[in-house]
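Peer 1: Kindly generate the corresponding structure for this input.
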Amino acid sequence: MKKKLLEIFMFLSVWLLTILWYSEISAENINSSYIKESINIIASNETPDARICGINVQPALKEIKDNLASKGIIRNQSADKILVISFLTKINMEVDYCSTTAMIGLYEKISYYDRLTEKLKDGKIVLWQRGMTAITEVKQHEDATMDMTEKLLENLLNSYFHEKNN
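Peer 2: Next comes the predicted model:
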């Protein structure tokens, strides 16, 4: 029974990953400095299972902010670009496994004209968005989640910011 539950748990987690588009880009392409971008960096609240699995959004958010700052990206709460970090975590207590999907999205505030209402409206467009899933035992989950988040951040730096710089 435990094995069957673990298989179902893993299948659903992998299925979630296939829904999210993920492309891996080599970390060798990272430049040491990027166009001086101004970004507001925020995180969504973690799920209740996250704490049991060792996930705490605030340290991850601080690490991401520090990493981006070291690359020359400027944090600004009133910036038009918004970087959102999210962790969706589920624990299966019967088999002592956690599954977390980390997602990072970069969005930009825009204004557009709505022909139906004949008014100028505000909204956001997606500039970059990716996600990854880690399935591990509870004891290993915090490290696996941080590794996964670092890979997503490298992917963001390599793809979106690197392309803008070249």
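Peer 1: When you work out contacts or count neighbours from here on, use the C-alpha atoms and nothing else.
Peer 2: Noted.
Peer 1: element containing residue 46, please.
Peer 2: In this structure, residue 46 is located outside every helix and strand according to DSSP states H and E.
Peer 1: shouldn't it be in contact with residue 90?
Peer 2: No: Residue 46 sits out of contact with residue 90 when judged by Cα atoms under 8 Å, with a separation of 10.5 Å.
Peer 1: Low-confidence stretches in this structure?
Peer 2: By pLDDT under 70, the low-scoring segments of the chain are 1-35, 162-166.
Peer 1: those helices in it, which residues are they?
Peer 2: Using DSSP state H, the helices assigned to the chain run over residues 2-19, 48-52, 57-70, 138-156, 162-165.
Peer 1: on that earlier part again, please say which of residue 46 and residue 90 ends up with more neighbours.
Peer 2: Here residue 46 and residue 90 are compared on neighbour count by other Cα atoms under 10 Å; more neighbours surround residue 90, at 20 against 16.
Peer 1: where's that one relative to residue 76, distance?
Peer 2: Applying Cα to Cα, to the nearest Å, the value for residue 90 to residue 76 is 32 Å.
Peer 1: Ok, residue 87 next?
Peer 2: Going from residue 87 to residue 76 by Cα to Cα gives 22 Å.
Peer 1: Between those two, which has more neighbouring residues?
Peer 2: Remark: of residue 87 and residue 76, residue 87 carries more neighbours, 25 against 14, as counted by other Cα under 10 Å.
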